[in-house]
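K.L.:
return a 3D structure for these sequence lines:
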Amino acid sequence: MPRVIIIGGGWSGCAAALAAKKAGAEVFLLERTDMLLGTGLVGGIMRNNGRFTATEEMIAMGGGELFEVTDNVARHKNIEFPGHKHATLYDVAKVEPAVKDLLKSKGINIRTECRIVDVEMENSKIVAVINDEEERYEGDVFIDCTGTAGPQNNCTKYGNGCVMCIIRCPSFGGRVSIAGKAGIKEMIAKKADGTYGAMSGSCKLHKESLDHNIVDKLNKEGVVVVPIPPEVREDEYILTAKACQQYALKEFIENIILLDTGHAKLMAPFFPLEQLRKIPGFENARYEDPYAGGRGNSIRYTAICPRDNYLKAAGVDNLFVGGEKAGPLVGHTEAICTGTLAGANAVRFAAKAELINIPVDLAVGDAINHVGEQMKTEEGIAKKYTFSGATYFERMKKLGLYTTNIDEIKERVKKAGMENIFNVKVI
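P.N.:
Down below sits the predicted model:
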């Protein structure tokens, strides 16, 4: 039985672990902090726009367990907010224990507070990874799901400094790229203005710090839109700074848009606290994540790994990548898609079986292929891609890939020869 070592327990790492286990491997999931899911701990948005299509494709392909978890802990389903339809909002307080229970039930070995800081190489293969307590984890295949956000020096260099976000670098140590340690030259994404990186696209406010009428409506309906007086609006440059370009709409400059994920999710990368408190209902507002959300947010996309459409890293024989490490494909749904493919292909690689290349006839396959091509170009690396909006959602619609007809999606997956592919045991 091959041993697959996954570094990084965000959405992509958890998805990779599930896929690798189902394919027949012994799986170790190593996470730097004391909780899984990474930014998923403060995320919460699923199934909006083209993410609905991608979700149902993954379910039809046999990679739906994590989507079932988010559906089961949803606070709201089928809601709309500016530019987005049929969204599900999961409860950020309930989702992590539910995911951890699922992984444990499958027999996946989870190691939290296990920060990997180095790799041991033999020619062009990784033999083992080593944590900051000098413990070695040997494996046959490795998957880098460490993401692209942090450590603190990147937030200082490319952003507004460490804003004390959920990534918690000061407490658990900064992210260390396994691909980078293995000698791969990684890429840094750019903003539209040519500067490096991209800010996380939302903040979280304490509900208790907001007017009770806002909170009541938010709890009941899942979304609240509050017009911002012109004199306290932030500059439009904030829109171009966001990683989440699907929310780079004028409505997000002209209004405070809140979503209920357990927190009051403020759909802006940051908003100066003094200005925010001038808006009626926000006089006592206080940030939950990041704590310095009035000043900035975490910086992402500083360590993207070149890879092929199997999600095998370029230059290292036995390394695969998932999530943001695999390119500027933004979001939890997107991370689950790439993580699942990386996990399945890691086991197939170890077994010398045919690797899975998801056809471009499916939205998931087209996104992986399209982003892989775009990140090789100066223009393409300056954009962010997501099923839920911006340039890639427009591409989905143009190609006829976007649909909410589940039967149609199932038939499309079956026609592509991908039905239940991620439930196939290859070892």
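
K.L.:
please name the nearest non-neighbouring residue to residue 56.
P.N.:
Leaving aside its chain neighbours, residue 56 sits nearest to residue 409 (4.4 Å; criterion: Cβ to Cβ, 6 or more residues apart in numbering). Backbone N, C-alpha and C define where each C-beta goes, glycine included.

K.L.:
what about the one you found, which SS state?
P.N.:
helix (DSSP: H, G, I helix; E, B strand; the rest coil).

K.L.:
so how many other residues sit close to it?
P.N.:
23 (other Cβ atoms under 10 Å).

K.L.:
how close does it sit to residue 418?
P.N.:
11 Å (Cβ to Cβ, to the nearest Å).

K.L.:
and residue 396, how many neighbours?
P.N.:
22.

K.L.:
for residue 132, same thing?
P.N.:
Count around residue 132 with other Cβ under 10 Å applied: 15.

K.L.:
now residue 421
P.N.:
The burial count for residue 421: 19, using other Cβ under 10 Å.

K.L.:
tell me the pLDDT of the closest residue to it other than its chain neighbours.
P.N.:
In space, and not counting its chain neighbours, residue 421 is closest to residue 61: 5.2 Å by Cβ to Cβ, 6+ apart. In this model, residue 61 is scored at 98, pLDDT.

K.L.:
what sits against residue 61?
P.N.:
Listed by Cβ atoms under 8 Å, 6 or more residues apart in numbering, the contact set of residue 61 reads 358, 364, 413, 418-422.

K.L.:
hmm, back to that, overlap in contacts of residue 409 and residue 418?
P.N.:
residue 60.

K.L.:
backbone dihedrals for residue 84, please?
P.N.:
According to degrees, to the nearest 10, the main-chain angles of residue 84 amount to phi -140, psi 140.

K.L.:
for the closest residue in space to it that isn't next to it in sequence, give me its contacts.
P.N.:
Closest residue to residue 84 apart from its sequence neighbours, by Cβ to Cβ, 6+ apart: residue 48 at 4.3 Å. For residue 48, the contacting residues are 84-88, 388-389, by Cβ under 8 Å, 6+ apart.

K.L.:
cool, residue 357 as well?
P.N.:
Contacts of residue 357 (Cβ under 8 Å, 6+ apart): 309-310, 365.

K.L.:
quick one on the thing from earlier: among the contacts of residue 61, name the buried ones.
P.N.:
Burial by neighbour count, judged by 16 or more other Cβ atoms under 10 Å, picks out 358, 364, 413, 418, 421-422 from those.

K.L.:
could you redo those residues as JSON lines and give each row secondary structure?
P.N.:
What follows is these, written out as JSON lines (three-state DSSP):
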{"residue": "358", "secondary structure": "coil"}
{"residue": "364", "secondary structure": "helix"}
{"residue": "413", "secondary structure": "helix"}
{"residue": "418", "secondary structure": "coil"}
{"residue": "421", "secondary structure": "helix"}
{"residue": "422", "secondary structure": "helix"}
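
K.L.:
returning to what we had before: and the pLDDT for the residue nearest to residue 56?
P.N.:
Residue 409 is given a pLDDT of 98.

K.L.:
over to residue 84?
P.N.:
For residue 84, the model assigns a pLDDT of 95.

K.L.:
what segments of the stretch 151-300 of the chain are strands?
P.N.:
Ranges of strands within the stretch 151-300 of the chain are 198-199, 203-205, 223-227, 255-260, 264-266, 287-289, 299-300, based on DSSP state E, counting those that start in this stretch.

K.L.:
what is the longest one packed up against?
P.N.:
Using 3 or more Cβ pairs under 8 Å, 6 or more residues apart in numbering; DSSP states H and E, the elements in contact with strand 255-260 are strand 74-81, helix 212-221, strand 223-227, strand 264-266.

K.L.:
let me know which of the ones you listed is tucked in deepest.
P.N.:
strand 264-266 (a mean of 24; mean count of other Cβ atoms under 10 Å).

K.L.:
give me the mean pLDDT for it.
P.N.:
On average, strand 264-266 scores 97.
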